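In: Compute the structure for the input listed below.
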Amino acid sequence: MVDLESLVTESPNPATSDLDTMSPLEVARAMNREDREVARAVGEVLDRVAQAIAWGRDALAAQGRIVYVGAGTSGRLGVLDAVECRPTFGVPDGVVVGLIAGGAPAFTQAVEGAEDDEGLGASDIDGLSVGASDMVVGLAASGRTPYVAGALRRARERGARTVAVACTRPSLIGTMAGLAIEVSCGPEVLTGSTRLKAGTAQKMILNMISTGSMVGTGKAFGNLMVDVQPTNEKLRARALSIVEQACGTDASRAEAALEDAGGMAKPAIVSILADVDAKTADTLLAQASGDVRRAKALAQDTRQEQEMR
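Out: You can find the predicted model right below:
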């Protein structure tokens, strides 16, 4: 039997001991006040988050993957972050992966007992053929979820870099990973409800890991998401706005460049900034590993060489 009283995530919060008698506004104020502690707590571990970002960049540069592993709320947050990477950064399915105890059905309903199975975590890692080029991030508010522990242990055995994200310290999964990110946000407003502060802390950290990893591999130009996938009307409008902002040009020129580039913002931007056609822009981007600044610099270097001849 787990000693819940030893976990800060399961401890009663004296600031909300009369939660059931509070007015709606008092509840909102109490939760807002407690949520301020989350950003402060995450701020204390930014050096470790930065290391995870660096490892994430290494994984992507090596054609590896970022794999999130969790159960319950933690697992759902990992799956959410993984799913959002495709439309935001234009990466194929399978580059950022979310594993949740119990599989896909567990995203919308509880799968009893799945989180208590270390072997299931290990087999899910085996199922992905995790290897040395991958980074595996284990998520557990309590820091002790067996499914996550089993996944981290197997990932290390298979040579992957491993990160533990827990909302208690010290944590069991922290001892099992190459890097431990342990955030102490204090007791929850509703005792033991780790979908609250602990969930918010994990979401903040996942935002940093995925965004920091992606922008370090050419997935942004400035702070613009130049690899956005224009799969609906809103995203097509966003692509147009991105080209306008990146190039300091008007809508008509941006629209023309996007049309020539098949609707994709990145080659459209390079075609304008480097004054080349869309096909050449694609070639430059391939040579620059998808980095807009490097593609533009390559075009300038080529032009200068031609002028010197």
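
In: For Leu80, see how far away Ile173 is.
Out: 20 Å (Cβ to Cβ, to the nearest Å). Where you see a C-beta, it was placed from the backbone N, CA and C, and this is true even at glycine.

In: quick one: contacts for the residue lying closest to Arg65 once chain neighbours are set aside?
Out: Sequence neighbours aside, Asp134 is the residue nearest to Arg65 in space, at 4.8 Å (criterion: Cβ to Cβ, 6 or more residues apart in numbering). Listed by Cβ atoms under 8 Å, 6 or more residues apart in numbering, the contact set of Asp134 reads 59, 64-67, 128, 155, 160-161.

In: And for Arg238?
Out: Applying Cβ under 8 Å, 6+ apart, we find Arg238 in contact with 225, 228, 230.

In: switch the cut-off to 6 Å
Out: Val228 (Cβ atoms under 6 Å, 6 or more residues apart in numbering).

In: next one: phi and psi at it?
Out: In terms of degrees, to the nearest 10, the main-chain angles of Arg238 are phi -70, psi -40.

In: try Val163
Out: The phi/psi pair for Val163 (degrees, to the nearest 10) reads phi -130, psi 140.

In: so can I have JSON lines of the contacts of Asp134 showing distance to Val276?
Out: Formatted as JSON lines, the contacts of Asp134 follow (distance: Cβ to Cβ, whole Å):
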{"residue": "Ala59", "distance to Val276": "32"}
{"residue": "Gly64", "distance to Val276": "32"}
{"residue": "Arg65", "distance to Val276": "33"}
{"residue": "Ile66", "distance to Val276": "33"}
{"residue": "Val67", "distance to Val276": "38"}
{"residue": "Leu128", "distance to Val276": "40"}
{"residue": "Ala155", "distance to Val276": "43"}
{"residue": "Ala160", "distance to Val276": "40"}
{"residue": "Arg161", "distance to Val276": "38"}
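
In: Show only the entries of those found in strands.
Out: 66-67, 161 (DSSP state E).

In: Which one of the residues you listed sits in the busiest neighbourhood?
Out: In terms of neighbours by other Cβ atoms under 10 Å, these top out with Ile66 at 30 neighbours.

In: Wait, that one touches Val136, no?
Out: No: if you go by Cβ atoms under 6 Å, Ile66 and Val136 don't touch, sitting 8.2 Å apart.

In: quick one on the thing from earlier: which one of Ile173 and Leu80 is surrounded by more residues?
Out: Between Ile173 and Leu80, counted using other Cβ under 10 Å, the more crowded position is Ile173 (28 against 14).

In: And the closest residue to that one other than its chain neighbours, how far from Leu99?
Out: Leaving aside its chain neighbours, Ile173 sits nearest to Ala164 (4.1 Å; criterion: Cβ to Cβ, 6+ apart). Distance of Ala164 to Leu99, given as Cβ to Cβ: 15 Å.

In: tell me, what residue is most central in this structure?
Out: Central residue of the chain (Cα atoms, centre = their mean): Ser210, 2.8 Å from the mean position.

In: OK, contacts around it?
Out: Ser210 touches 81, 85, counting by Cβ under 6 Å, 6+ apart.

In: what about 10 Å?
Out: Neighbouring residues of Ser210 by Cβ atoms under 10 Å, 6 or more residues apart in numbering: 53, 56, 66, 68, 81-82, 84-85, 88-89, 91, 96, 137, 219.
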